[in-house]
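Participant: Take a look and give me a structure for this.
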Amino acid sequence: MAERVEQEEIFSQVLRAGRRTYFFDVRATKADDYYLTVTESKKFTHDDGTFHYQKHKIYLYKEDFTDFHEMLKKATDYIINEKGDEVISERHQKDFKKEDTKIDAEETTSTESFTDVSFDDI
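Facilitator: Numbering: from 1, shown residues only. So this is what the prediction gives:
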């Protein structure tokens, strides 16, 4: 399998968010048109102090910008409207207490299948 050689970034932004870093890079196609790569890089530390990064990448082309933007906005608006913008989690709040420790098996399955999505080699 031939390795894909990526073009140099034309425009780049970095969002650091705890153990995750998001890179938004504008690149050029061979025809000199632009596209966007969004890369999530997550740092994992081993017991011995060494670490590695796991990366997931999305390639987004101009013909998909409008639909992608609309769906992202609808999804983020839904979350804010339903749950507000305050972070609610064990990880972010030391005094967080689970209301119900019983987890529905169907809910666990759907959550696990979502988090198992990998955008490598797209």
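Participant: Please enumerate the helices of this protein.
Facilitator: Secondary structure of the chain (DSSP state H): helices located at 65-83, 105-115.
Participant: So which bits of stretch 51-60 are buried?
Facilitator: residue 57 (16 or more other CB atoms under 10 Å). From N, CA and C alone the C-beta is placed, and that goes for glycine too.
Participant: Can I get it as PDB, trimmed to CA atoms?
Facilitator: Presented in PDB, the C-alpha positions along stretch 51-60 are these (Å, rounded to 0.1, in the frame of the first residue of the first chain):
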ATOM      1  CA  PHE A  51       4.000   8.300  26.200                       C
ATOM      2  CA  HIS A  52       2.600   8.000  22.700                       C
ATOM      3  CA  TYR A  53       0.100   9.900  20.700                       C
ATOM      4  CA  GLN A  54      -2.900   8.400  18.900                       C
ATOM      5  CA  LYS A  55      -4.200  10.400  15.900                       C
ATOM      6  CA  HIS A  56      -7.400  10.400  14.000                       C
ATOM      7  CA  LYS A  57      -7.800  12.500  10.900                       C
ATOM      8  CA  ILE A  58     -10.800  13.700   8.800                       C
ATOM      9  CA  TYR A  59     -10.400  15.000   5.300                       C
ATOM     10  CA  LEU A  60     -13.100  17.600   4.400                       C
END
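Participant: Kindly state the beta-bridge partners for residue 25.
Facilitator: residue 12, residue 37 (DSSP bridges).
Participant: should've said residue 20
Facilitator: In this entry, residue 20 is beta-bridged to residue 17, residue 42, by DSSP bridges.
Participant: pLDDT wise, what is it at?
Facilitator: pLDDT for residue 20: 92.
Participant: Isn't it up against residue 40?
Facilitator: Yes. Assessed by CB atoms under 8 Å, residue 20 is found in contact with residue 40 at 6.0 Å.
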